[in-house]
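Undergrad: give me a 3D structure for the following:
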Amino acid sequence: YSRAREAADRDAGLRVGVTTRRGPFTGTLAFAEDQVDIGFSAALDLTTPPRRRDLGDSRNGGIPHGLYPRCAEPAQAKAEALARLHETGITVIEIVRSDDALTASFQAPSADDGRILGRVARGLLCMEGEPEMLSITRTDTLQHSMVTFEIDRRSLERYLDGEASYAQLLHHISRTAPDTAHQSAASLLSNSAAAGVQRHGWSIEWHHGTSQIAFNPLGISDLYGDEADQLSFDLHASVLARQRLPGSWLMSGALQYRYLETFDAPPLGNNSELPHVRSDIERYRSGNRLTVDHAVVTGRFDLTPQIVIQPTIGLYEEMFGGIGLQSVWVAKDRPAFLDLTIDALRQRDTDGDFGLRDYDTVSALVGGGYRFSQLGIDARLQAGRFLAEDLGVRLEVAREFRSGVRLGAWYTRTDANDRTGPGSSSSPYFDRGISIEIPFSLLGSASGRNTRVRWRPFARDGGQVVDRPLDLVNSIDRKLPLQTFDSNEYLSRIGE
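TA: Residues are numbered from 1 along each chain as shown. Okay, here's the model as predicted:
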């Protein structure tokens, strides 16, 4: 991609630039008198996990003896185990010990339950005592329980020592729909035990008690095309702050400082005949450098083990704020869910502060999702009323590869009848785009966190949805198993 500040042909002359490489990524930045060139390329292996160790056929013959060294001295084992988990992007929320069991809850970005479960279980083996059972619960950002596994400790040790096969281990693992996340005075690890500064890729996080502050010096916005075949985006630094509140509530806010943007105003102005819910993106991105990305209070509550609701109030994203409710029903025995989302919204001012514009709307969408286990593909369909008060449907599909890279695409079709360019009276434009999520492990970091970028060919107004900073459906969809639990493949990566 090459962008000139002037549309005229380039003049010959001196150009000064810099090239940087990190893992599979290469970036260039060059300057001339009146133009800026930005180049970006990536070479990703979508099928092979980064730095994956050769385990042989661990599903059939167990893991080679000695692959996993024994724990350190008891005084150091717990701290080292927690540090090792944190380095791979796993955050341990709580550890509780009883007479016959060791119970833990954790958060992790990957959807691969097998590999994540194995890492947490091996960490627990280094903890104090020798309980008969390991009970491990995976939670989301609000510590809402998603899935619970119970593992016989001795069977897991035999498997890790190469003395038992994967098939034999499966007979000693159970998976249940969890109850609401618990808290206990017998906790071996309170939230404050995870206090301190941690690095994840190029970001820095600080945790203390129920508070979190994260600084990311380099982020990229969604990418937008236009009719002149130019690509518009911005680069920014951000600071995120989160504070858990009593009950199941959480407060989250973020500031962004934009230090490079490539948005130009349309030569003839915004010609959209619909409410300008997205087509004014240039006014938002080329305004103040320091902006409020979001500021919300949200909660998550179990009505039943299968039905979860999440109310949210505040500034959702750079263009909209309001109050809304998400409700999700998760199928018990298959990777599927149904969801309902209703939001009363008001458009934000282009200055990026707390001001609001005159446009308000109510968005109401109902839909569902399903994971096609054999293909590893997630599909989600929504229907209802979108941001520009248009009615229609939106289909989104995505696939997560074994490397952790997740590719997706979406397409909407509504009655917006957007006939302005690139649409026409005979062929209205319908919103579409692609997205990619890349784990930081592919950037040379052991962290399991991801960075996400979306590309839209054009910034139009039909078929648009609001972006929630803590989306309930996304957190559930990403934790649907890659295979059904009855499949022999479901936990096949437990030894990695």
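Undergrad: in what helix or strand does Thr103 lie?
TA: Using DSSP states H and E, Thr103 sits within strand 101-107.
Undergrad: which other helices and strands contact that strand?
TA: The helices and strands touching strand 101-107, judged by 3 or more CB pairs under 8 Å, 6 or more residues apart in numbering; DSSP states H and E, are strand 91-97, helix 113-125, strand 133-139. The way it works is simple: take the backbone N, C-alpha and C, and place the C-beta from them, glycine included.
Undergrad: what is the neighbour count of the residue lying closest to Asp339 once chain neighbours are set aside?
TA: Of all residues not flanking Asp339 in the chain, Val328 sits nearest, at 4.6 Å (CB to CB, 6 or more residues apart in numbering). Using other CB atoms under 10 Å, Val328 has 21 neighbouring residues.
Undergrad: shouldn't Val328 be in contact with Ala336?
TA: No - the criterion here is CB atoms under 8 Å, and Val328 misses it with Ala336 at 10.9 Å.
Undergrad: sorry, back to before: the helix or strand harbouring the residue nearest to Asp339: which residues count as buried?
TA: Using DSSP H and E, Val328 sits in strand 320-330. Within strand 320-330, the residues that qualify as buried are 320-322, 324, 326-330, counting by 16 or more other CB atoms under 10 Å.
Undergrad: ok, these vs Ser248, which is closest?
TA: Gln326 (13.8 Å; CB to CB).
Undergrad: direction included, what does the helix or strand hosting Ala237 pair up with?
TA: Per DSSP H and E: Ala237 is located in strand 234-245. Applying DSSP bridges, strand 234-245 is found paired with strand 211-220 (antiparallel), strand 249-261 (antiparallel).
Undergrad: and the contacts of that strand?
TA: Applying CB atoms under 8 Å, 6 or more residues apart in numbering, the contact partners of strand 234-245 are 143, 191, 210-221, 250-263, 285, 293, 297.
Undergrad: quick revisit: and the strand holding Thr103, what's buried?
TA: Result for strand 101-107 [16+ other CB under 10 Å]: buried residues 102-107.
Undergrad: do the same with stretch 295-311
TA: Buried residues in stretch 295-311 (16+ other CB under 10 Å): 295-296, 298-302, 308, 310.
Undergrad: farthest-separated two in the buried residues of strand 101-107?
TA: It's Leu102 and Gln107 that sit farthest apart of those, by CB to CB, at 18.1 Å.
Undergrad: what is the least confident helix or strand in the protein?
TA: Least confident helix or strand, the chain: strand 187-189 with a mean of 35, by mean pLDDT, DSSP states H and E.
Undergrad: Gly368 is in what secondary structure piece?
TA: Judged by DSSP H and E, Gly368 forms part of strand 356-372.
Undergrad: show me what that strand pairs with in its sheet, parallel or antiparallel.
TA: strand 336-348 (antiparallel), strand 377-385 (antiparallel).
Undergrad: give me the contact list for the shortest one.
TA: Read that as strand 377-385. 362-372, 391-400, 465, 473, 477, 480.
Undergrad: tell me the helix or strand right after it.
TA: Assigned by DSSP H and E, the successor of strand 377-385 is strand 391-400.
Undergrad: alpha carbons only: can I get that following strand in PDB?
TA: Extracted C-alpha coordinates of strand 391-400, given in PDB (Å, rounded to 0.1, in the frame of the first residue of the first chain):
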ATOM      1  CA  LEU A 391     -34.200  -3.700   8.600                       C
ATOM      2  CA  GLY A 392     -32.300  -6.800   7.400                       C
ATOM      3  CA  VAL A 393     -29.900  -9.600   8.200                       C
ATOM      4  CA  ARG A 394     -26.200 -10.000   8.800                       C
ATOM      5  CA  LEU A 395     -24.100 -13.100   8.400                       C
ATOM      6  CA  GLU A 396     -20.700 -13.600   9.800                       C
ATOM      7  CA  VAL A 397     -18.400 -16.600   9.500                       C
ATOM      8  CA  ALA A 398     -14.900 -17.100  11.000                       C
ATOM      9  CA  ARG A 399     -12.300 -19.800  11.400                       C
ATOM     10  CA  GLU A 400      -9.600 -20.100  14.000                       C
END
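Undergrad: thank you kindly, that will do.
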